[in-house]
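**Q** structure for this input, please:
(chains A and B)
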Amino acid sequence: MFGDPDRELVRRSKAGDRAAFGRLADRYYSMVYGLAYGILTEREAARDVAQTVFLKVFGDIQGFDERAKFKTWLYRVAVNAAIDEQRRQRPTVSMDEVDEEEGRPLPSAVLRDRGPSPRDEAARAETRERLRRAIEKLSAEQRAVLTLREWQGLSYGEIAETLGIEIGTVMSRLFYARRKLREWLAEEEGKLP
Amino acid sequence: MNSGKQKDAGRLYGDWIRREVARPEVRLEKRQFLDAHFPADRATVLRPVSLIPALALLAVVLVWVSDGMRRPETAAPRPGAPVDVRRVASQAGPVLVYQINHQDVPITVIWVFAGGGP
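**A** All right, here's what the predicted structure looks like:
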């Protein structure tokens, strides 16, 4: 009764039912897109990664063990795909040592989402832009942990299981990610006239 | 470093993603992607055999409505037609009740003469 709510659709997807998988994809598209966007901070890249993830998952679903939760598996595939894309675009040093300087400052040209801001949202748009610059200071792994925690509301244990890391590592990355974010935002706020 | 402010920074991050995901463009992209790669199975809904029960129900409804819309040409009894007449009294005045058969449909006609009867 309280098993995986996706079990039936997964079973039908494994039998080749594309419409059934479409319902799964419909259910989780926003989640996967949000994960990708949280890590990549670029809409086009996030969209491409999200859609690639679903195509890959459908292709690999024969090997999915139905005793596991489909959503957890999807989280893992999505996060790994986004991190891989992030590294492909912007190779950085190893992220295992959380007290090292992670990532490098990125040129402003990296910001590709230049959609127009409504005039009456200028202040909020400025805040979002400062936040984006702050986020880009974080490593892909830090963004992944932050996204799973702050957007999806996963527990430390769930994040650890999803990413295949220790809970202590989750907590460390979260701590340093939040601290860096806060420091950078404070620095940005200090630059305002 | 104030841990409360650090958590606020984290919440800002979550809100930032929520706002992005809520954009109508994301929903549109999802729809386009699903329609292209994993379209819903509409065949069973639109196959003719699936429509038979619905069509049958529609036919019954149409017959019922058209039958109900038929009205007797007149409530008055035709000369020579079998009529069952009963005269009763009421507080409203004399009442004439009779039944006629119109196209095999029994119709009860009730006349109330408020100011005096036949």
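**Q** next one: phi and psi at residue A:139?
**A** The phi/psi pair for residue A:139 (degrees, to the nearest 10) reads phi -80, psi 160.
**Q** count of residues packed around it?
**A** For residue A:139, the neighbour count with other Cβ atoms under 10 Å in any protein chain shown is 25. Heads up, the C-betas are built off the backbone N, CA and C, glycines and all.
**Q** ok, the one 10 residues further on next?
**A** Residue crowding around residue A:149 was assessed by other Cβ under 10 Å; the count is 23.
**Q** that one contacts residue A:159, correct?
**A** Yes - when contacts are counted by Cβ atoms under 8 Å, residue A:149 is listed as touching residue A:159 (6.2 Å).
**Q** interface residues of chain B facing chain A?
**A** Counting by Cβ under 8 Å from any Cβ of the partner chain, chain B comes close to chain A at B:1, B:5-14, B:16-21, B:26, B:29-30, B:33-34, B:37-41.
**Q** just these: which are in helices?
**A** If you go by DSSP state H, the residues of chain B next to chain A have B:5-14, B:16-21, B:26, B:29-30, B:33-34, B:37 in helices.
**Q** only the buried subset of these, as a PyMOL command please.
**A** Applied in PyMOL, the following selects the buried portion of these according to 16 or more other Cβ atoms under 10 Å in any protein chain shown:
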select buried, chain B and resi 5+6+9+10+12+13+14+16+17+20+21+26+29+30+33+34
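**Q** tell me where chain B is predicted with low confidence.
**A** B:1-3, B:6, B:42-54, B:61, B:63, B:65-93, B:114-118 (pLDDT under 70).
**Q** which outside residues touch the helix or strand of chain A with the lowest mean pLDDT?
**A** When the helices and strands of chain A are compared on mean pLDDT, DSSP states H and E, helix A:122-135 comes out lowest with a mean of 80. Helix A:122-135 has contacts (Cβ atoms under 8 Å, 6 or more residues apart in numbering or on different chains) with A:41, A:111, A:117-118, A:143, A:180-181, A:184-185, A:188-189, B:9, B:12-13, B:16, B:19.
**Q** ditto for stretch A:153-171
**A** A:72, A:75-76, A:79, A:98, A:141, A:144-145, A:148-149, A:174.
**Q** parallel or antiparallel, list what pairs with the longest strand along chain B.
**A** The strand spanning the most residues in chain B, taking DSSP state E as the definition, is strand B:93-102. Next to strand B:93-102 in the sheet, as set by DSSP bridges, lie strand B:84-90 (antiparallel), strand B:105-112 (antiparallel).
**Q** for residue B:112, give the beta-bridge partners.
**A** Note on residue B:112: beta-bridge partners by DSSP bridges are residue B:95.
**Q** and it, how many neighbours?
**A** Counted with other Cβ under 10 Å, residue B:112 comes out at 12.
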